[in-house]
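Asks: Return atomic coordinates for the entry below.
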Amino acid sequence: MQTRAISRKRSRVKYALAIVLVIGLGLLWRSGRLPLPAFLTKYGGDALWAVVVFLGVGFVFCPWSTARVAVVAACFSVAVECSQLYHAPWIEAMRANWLGRLVLGTTFQCADLLAYAVGIALGVSAERIRAVVRRRTRMP
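Replies: As a prediction, this is how the structure comes out:
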């Protein structure tokens, strides 16, 4: 069975807007203003963080395949999570401020890796759905 290649043309403007929207949603998600169970607040926020990583890699490396973007985003996410096992003074100083804590996290948890995988899978799914919709709307 032969599959057709999915168009991977990414618009940096659209990806930048998506990044801003997902960051906003993530901040709202974690703010406590949404009536969500603690489990969803914690791991949903982690999944949204991974969506931002996926979008960021796609933004920087527009011509890459979705699979390559997903692998790099997953590797980056795992590296950031594993960096939480490292507690040198310089990185703890970075984590001491709000932005550093938001980007780098503070405590290693294996469950976060699963949340990152879910977030990256959401990014992959969104790209594939977008590609299918674009292909269908262009057919006569």
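
Asks: Check which helices and strands the one helix or strand Arg130 maps to sits against.
Replies: Per DSSP states H and E, Arg130 falls inside helix 110-138. Judged by 3 or more Cβ pairs under 8 Å, 6 or more residues apart in numbering; DSSP states H and E, helix 110-138 is in contact with helix 38-60, helix 66-83. Heads up, the C-betas are built off the backbone N, CA and C, glycines and all.

Asks: mean confidence for that helix?
Replies: The average pLDDT within helix 110-138 is 93.

Asks: Also stretch 43-59?
Replies: 97.

Asks: Name the residues that touch the helix or strand where Leu17 lies?
Replies: Leu17 belongs to helix 12-30 when assigned by DSSP H and E. Contacting residues not belonging to helix 12-30 are listed as 34, 36, 41, 44-45, 48-49, 51-52, 55-56, 58-59, 62 [Cβ atoms under 8 Å, 6 or more residues apart in numbering].

Asks: buried subset of those?
Replies: Neighbour-count burial within the contacts of helix 12-30 applies to Thr41, Gly44, Gly45, Leu48, Trp49, Val51, Val52, Leu55, Gly56, Gly58, Phe59; the criterion is 16 or more other Cβ atoms under 10 Å.

Asks: which one of these is nearest Leu85?
Replies: Trp49 (17.9 Å; Cβ to Cβ).

Asks: can you pull the contacts of the closest one?
Replies: Neighbours of Trp49 in contact, by Cβ under 8 Å, 6+ apart: Gly26, Ser77, Tyr116, Gly119.

Asks: List the contacts of stretch 64-78.
Replies: Contacts for stretch 64-78 (Cβ under 8 Å, 6+ apart): 6, 8, 49-50, 53-54, 56-58, 61, 113, 116-117, 120, 123-124, 127-128.

Asks: Stretch 91-98 too?
Replies: Ser83, Gly100, Arg101, Leu104, Gly105, Thr106.

Asks: list the buried ones in that stretch?
Replies: Those would be Arg95, for stretch 91-98 by 16+ other Cβ under 10 Å.
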